[in-house]
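1. Predicted model and sequence follow; I will ask about them next.
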Amino acid sequence: MEERKGFKVKTFTTELRIFQTMKELEILDERVNQFVAENRVKKVISVSDTATTDNNGATIGLIRVLTFEI
């Protein structure tokens, strides 16, 4: 009998401020990597980033979605 696999999705967010973007992205990467290590994620299925914008279309944040197998 084939083993059934389950999947989970975890969402991370960060605010992006002018002249701070690289540092904020590094912190976001660290948070995701820490989550993967602490939760002993064995297989990452996908990682996706989506920008959030204000009423003028300026990027103000980032949503990162991690899909992994449990």
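-> Perfect, thanks for sending it.

2. how would you label R17: helix, strand or coil?
-> When classified by DSSP: H, G, I helix; E, B strand; the rest coil, R17 comes out as coil.

3. Quick check, central residue of the chain?
-> R64 (2.9 Å; Cα atoms, centre = their mean).

4. what's the nearest residue to that residue if we skip its chain neighbours?
-> Counting by Cβ to Cβ, 6 or more residues apart in numbering, R64 lies nearest to F12, which is 4.5 Å off, once chain neighbours are set aside. Where you see a C-beta, it was placed from the backbone N, CA and C, and this is true even at glycine.

5. which SS class is D29?
-> Three-state call for D29 (three-state DSSP): helix.

6. Ignore what I typed, I meant L62.
-> What three-state DSSP gives for L62 is strand.

7. pLDDT at the closest residue to it other than its chain neighbours, what is it?
-> Of all residues not flanking L62 in the chain, T14 sits nearest, at 5.2 Å (Cβ to Cβ, 6+ apart). Predicted confidence (pLDDT) for T14: 95.

8. what does M1 give?
-> pLDDT at M1 comes out at 63.
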